[in-house]
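> Please find the sequence and the predicted model below.
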Amino acid sequence: MRTAITPLQLLEPRTLGTALKMLRTKGPLVPLAGCTDLYVSLNFGTLSGSRFLDLSQLGPLRRIRLAGDTLVIGAMATHTDLIRSRTVRQRLPMLVAAAREVGGPQIQNRGTLGGNIANASPAGDTLPALAVADAVIVLESVDGQRKVPFNQFYTGYRKSVMAPDELIVAVEVPPVEGAQWFRKVGTRAAQAISKIVMAAVRSGRPRIALGSVAATVVRLPKTETALAGGASIAEAQHVLMDEIHPIDDVRSTAEYRTRVSANLLGRFWQDTA
Ligand SMILES: Cc1cc2nc3c(=O)[nH]c(=O)nc-3n(C[C@H](O)[C@H](O)[C@H](O)COP(=O)(O)OP(=O)(O)OC[C@H]3O[C@@H](n4cnc5c(N)ncnc54)[C@H](O)[C@@H]3O)c2cc1C
């Protein structure tokens with residue numbers, strides 16, 4: 001471990017206010033949640049920062065609650081918290097299905113929803129569910145909160161609108177009308193990064209999002225419009241195959257990803273008929 005004799009510095013705020021002040025006045029700092037992504041890059045030597053802000057004592061950021069009819073999930077809620085929450089199970093079963101697919105139980109116990117979002121991998125398993133739920137990311141700095149629609153949060157590969165002195169504090173999810181559906185395709189049942197991950201909602205205007213087919217998670221507006229307009233599923237599958245432009249990489253090929261995405265659309269339609 002590169003952490004045994006260490007030039008690394010760790011700041012340990014006990015309140016969100018202190019954490020935000022530290023980010024503003026003592027930065028640049030790398031926020032540290034469950035560390036399941038950070039420790040990998042630390043050990044690979046690919047982590048640029050050497051000063052860290054430990055978020056683990058910020059208990060209120062782990063809360064999951066309803067505010068009126070909005071589901072509010074604290075950024076420090078772990079994947080296990082999502083799986084165990086009756087409220088999330090009732091309101092957002094596709095997010096629970098996604099959380100169950102993250103790594104294995106050890107990773108689910110430590111990894112957080114905020115970390116999955118901030119890590120900004122196009123293969124992040126919870127991201128398509130948030131995209132079709134029209135979730136809102138709540139960012140906070142010493143200047144206050146701002147809310148960014150999830151579908152405007154990412155600006156490119158591993159890039160987002162989040163500023164260095166901001167933290168993700170919560171995710172707000174409005175009620176989702178219609179049948180929710182989630183499916184991950186990986187090399188094996190656990191501890192596998194997605195080759196393709198899809199979440200979808202079947203309603204008057206279906207909503208569909210895919211991970212691992214572009215630099216960021218993507219919604220499929222053309223495919224959604226085709227289905228909403230009464231296209232057959234075969235027609236919609238052709239629209240989808242024109243709409244996405246995945247790449248070949250170590251985990252899969254563009255052709256495989258395109259065909260599997262179309263197959264998943266068919267499965268979604270069949271399962272929610
Ligand atoms: C063995 C293994 C298997 C995995 N399998 C999967 C998988 O199947 N699917 C999947 O999606 N992921 C997987 N991951 C990745 C990882 O577990 C998830 O992305 C997890 O949700 C990250 O959360 P964390 O709390 O550990 O983040 P951390 O590692 O603590 O942080 C990740 C990034 O987010 C930033 N960050 C964290 N919290 C905040 C916040 N509140 N505000 C601002 N920035 C923040 C950190 O600075 C860092 O850049 C796997 C990882 C490992 C090691």
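Nice, thanks for sending it over.
> Count the residues that sit near the residue in the stretch 1-150 of the chain positioned nearest to the ligand.
Using C-beta to the nearest ligand atom, the point where the stretch 1-150 of the chain gets nearest to the ligand is residue 115, with a distance of 2.2 Å. Quick note: C-beta positions are derived from backbone N, CA and C, even for glycine. As a burial measure, residue 115 scores 25 neighbours (other C-beta atoms under 10 Å).
> which residues in the stretch 51-200 of the chain form strands?
Assigned by DSSP state E, counting those that start in this stretch, the stretch 51-200 of the chain shows strands spanning 51-54, 64-67, 70-74, 136-141, 144-149, 154-156, 159-160, 167-173, 179-185, 196-202.
> Can you list the buried residues in stretch 224-234?
By neighbour count, and taking 16 or more other C-beta atoms under 10 Å as the criterion, the buried residues in stretch 224-234 are 224, 226-227, 233.
> quick one: contacts for residue 91?
Neighbouring residues of residue 91 by C-beta atoms under 8 Å, 6 or more residues apart in numbering: 71, 173, 175-176.
> one more time with 7 Å
With contact set as C-beta atoms under 7 Å, 6 or more residues apart in numbering, residue 91 has these partners: residue 71.
> do you know how far it is from residue 237?
Look at residue 91 and residue 237: by C-beta to C-beta, to the nearest Å, they are 30 Å apart.
> Kindly report the same for residue 63.
Taking C-beta to C-beta as the measure, residue 63 falls 41 Å from residue 237.
> Between the two, which has more neighbouring residues?
residue 237 (20 against 13).
> can I assume the more buried one sits in a helix?
Yes - in this structure, residue 237 lies within a helix as judged by DSSP: H, G, I helix; E, B strand; the rest coil.
> What sits closest to it if chain neighbours are left out?
Once its chain neighbours are removed from consideration, residue 237 has its nearest residue in residue 262; the separation is 4.2 Å (C-beta to C-beta, 6 or more residues apart in numbering).
> May I ask you to confirm that that neighbour is in contact with residue 242?
No - proximity of residue 262 to residue 242 does not meet the contact threshold set by C-beta atoms under 7 Å, at 10.4 Å.
> quick one, which of the two is more surrounded?
Per other C-beta under 10 Å, whichever of residue 262 and residue 242 has more neighbours is residue 262, with 20 against 10.
> State the phi and psi torsions of that one.
For residue 262, the backbone dihedrals are phi -60, psi -40 (criterion: degrees, to the nearest 10).
> ok so, going back, would you turn the strands of the stretch 51-200 of the chain into JSON lines with mean pLDDT, distance to residue 252 and mean neighbour count?
Conversion of those to JSON lines gives the following (pLDDT from 0 to 100; distance: least, C-beta to C-beta, whole Å; neighbours: other C-beta atoms under 10 Å):
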{"stretch": "strand 51-54", "mean pLDDT": "96", "distance to residue 252": "33", "mean neighbour count": "18"}
{"stretch": "strand 64-67", "mean pLDDT": "98", "distance to residue 252": "33", "mean neighbour count": "13"}
{"stretch": "strand 70-74", "mean pLDDT": "98", "distance to residue 252": "30", "mean neighbour count": "21"}
{"stretch": "strand 136-141", "mean pLDDT": "98", "distance to residue 252": "28", "mean neighbour count": "20"}
{"stretch": "strand 144-149", "mean pLDDT": "98", "distance to residue 252": "29", "mean neighbour count": "12"}
{"stretch": "strand 154-156", "mean pLDDT": "97", "distance to residue 252": "21", "mean neighbour count": "15"}
{"stretch": "strand 159-160", "mean pLDDT": "97", "distance to residue 252": "23", "mean neighbour count": "16"}
{"stretch": "strand 167-173", "mean pLDDT": "98", "distance to residue 252": "28", "mean neighbour count": "23"}
{"stretch": "strand 179-185", "mean pLDDT": "96", "distance to residue 252": "9", "mean neighbour count": "21"}
{"stretch": "strand 196-202", "mean pLDDT": "96", "distance to residue 252": "8", "mean neighbour count": "26"}
